[in-house]
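dropping the sequence and predicted coords here.
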Amino acid sequence: MAKKQISAKLKFQGVLEMLSGEKSPGQIAKQYGVHPNSFGVWKKQFLERGSEIFAQENAAHEYERRLAELEQLLGEKEVDLKLARILWPTTRREAHNTTPSPIERAFPPDEHRQEERHHPTVRPSSLF
């Protein structure tokens, strides 16, 4: 026989009824269709760990505060990064905010190529 699954909400309702004292544990167990010892175990768990509910509220508030703080920091860093890109562009193209021409796309500049040497023009009349 499979173990019957009871939702947390029903356990809580049963424990509250048990704590109110209006019904006996046997009556409550029969109403919910579980063994009377189950409600005794759930009551003990409720009394031992009830304060954790309030601790979780504080933890959630702390996480929300930290998340807001990190979101603000991220926003500040995004602004810093945008300003840095405006003030100190890394390439000439970024400085002028231009797109490469079709020739530049087809033949990207080779940074390692030596500059062509220009020779002075020689006029035939200067040779004689």
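In hand now; what should we look at? Residues are numbered from 1 along each chain as shown.

out of the helices and strands in this structure, which is least certain?
Using mean pLDDT, DSSP states H and E, helix 124-127 stands out as the lowest-scoring helix or strand of the chain, at a mean of 54.

what residues go with each domain of this structure?
The chain breaks down by automatic domain parsing into domains covering 8-49, 52-92.

now G26. Nearest residue, chain neighbours left out?
P36 (5.2 Å; Cβ to Cβ, 6 or more residues apart in numbering). The way it works is simple: take the backbone N, C-alpha and C, and place the C-beta from them, glycine included.

secondary structure element for the residue nearest the centre of the chain?
The chain has L67 as the residue nearest its centroid, 9.1 Å off, counting by Cα atoms, centre = their mean. Using DSSP states H and E, L67 sits within helix 51-87.

go through that helix and flag the buried ones.
Residues of helix 51-87 include none that count as buried (16 or more other Cβ atoms under 10 Å).

same thing with stretch 25-33?
Neighbour counts using 16+ other Cβ under 10 Å place P25, I28, A29, Y32 of stretch 25-33 among the buried residues.

and the last one, how close does it get to G50?
Going back to what we said before, that points to Y32. 20 Å (Cβ to Cβ, to the nearest Å).

and what of the first one?
Using Cβ to Cβ, one gets 19 Å for the distance from P25 to G50.

re the thing from before, which of the buried residues of stretch 25-33 fall in helices?
Taking DSSP state H as the definition of helices, the buried residues of stretch 25-33 contribute P25, I28, A29, Y32.

tell me how far stretch 35-51 lies from the chain's centre.
Averaging C-alpha positions (Cα atoms, centre = their mean, to the nearest Å) puts stretch 35-51 36 Å from its chain's average.

buried ones in it?
Judged by neighbour count (16+ other Cβ under 10 Å), stretch 35-51 contains these buried residues: S38, F39, W42, K43, F46.

burial of E17, as a residue count?
Using other Cβ atoms under 10 Å, E17 has 17 neighbouring residues.
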